[in-house]
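Trainee: sequence? don't have it. structure:
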């Protein structure tokens, strides 16, 4: 009787572990796919700026053609589903709109050589992998 009770519990545990590990592998796969250098455009309303971003194993850095539009420096990022969360690690001065800092949650779409990211207020990065 003891063995018949244990088998379903073990099977459930194994199933849960497989689901959890497959979710982690999806994120790991994304990190290896996104690694590299990108150039493209940042858009807010009808204003645009050329940008460069580098992704390297959960770290990012970059720059913009126009100072602080957008404000890109360096930091880390994490992925969950179709959301990429940036964690800016640079100090910033107070004389500009801090919503321009590459930080927080963005929805993304990764193509073969492209990456598109949009934040909740409608800012958009349209990037091409180099």
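Mentor: The structure has been received and is ready for your questions. Predicted model, so just to flag it, every value in this text is computed and none were measured.

Trainee: contacts, neighbours, all on C-alpha from now
Mentor: Fine.

Trainee: next one, pLDDT for the closest residue to residue 51 other than its chain neighbours please.
Mentor: Sequence neighbours aside, residue 64 is the residue nearest to residue 51 in space, at 4.4 Å (criterion: C-alpha to C-alpha, 6 or more residues apart in numbering). Among the per-residue scores, residue 64 shows a pLDDT of 98.

Trainee: quick one: the strands in the protein, in order.
Mentor: Per DSSP state E, the chain carries strands over the ranges 36-44, 47-56, 59-64, 74-80, 83-88, 104-110, 114-118, 124-129.

Trainee: how about the fourth one: buried residues?
Mentor: Okay, so that is strand 74-80. Buried residues in strand 74-80, counted by 16 or more other C-alpha atoms under 10 Å: 74, 75, 76, 77, 78, 79.

Trainee: same deal with the longest one?
Mentor: Buried residues in strand 47-56, defined by neighbour count with 16+ other C-alpha under 10 Å: 48, 49, 50, 51, 52, 53, 54, 55, 56.

Trainee: can you tell me the closest non-neighbouring residue to the spatially most central residue of the chain?
Mentor: Centroid-nearest residue in the chain, with C-alpha atoms, centre = their mean: residue 84, separated by 2.8 Å. In space, and not counting its chain neighbours, residue 84 is closest to residue 106: 5.3 Å by C-alpha to C-alpha, 6+ apart.

Trainee: try residue 120
Mentor: What sits nearest to residue 120 in space, not counting adjacent residues and going by C-alpha to C-alpha, 6+ apart, is residue 106, at 7.1 Å.

Trainee: number of residues surrounding residue 128?
Mentor: Neighbour count of residue 128, defined by other C-alpha atoms under 10 Å: 19.

Trainee: just residue 85 next, same as before
Mentor: Residues lying near residue 85 (other C-alpha under 10 Å) number 17.

Trainee: residue contacts, it?
Mentor: Residue 85 makes contacts with 77, 78, 79, 103, 104, 105, 106, as judged by C-alpha atoms under 8 Å, 6 or more residues apart in numbering.

Trainee: go ahead and confirm the fifth one touches residue 87.
Mentor: The reference is to residue 104. Yes: at 6.5 Å, residue 104 counts as touching residue 87 under the criterion of C-alpha atoms under 8 Å.
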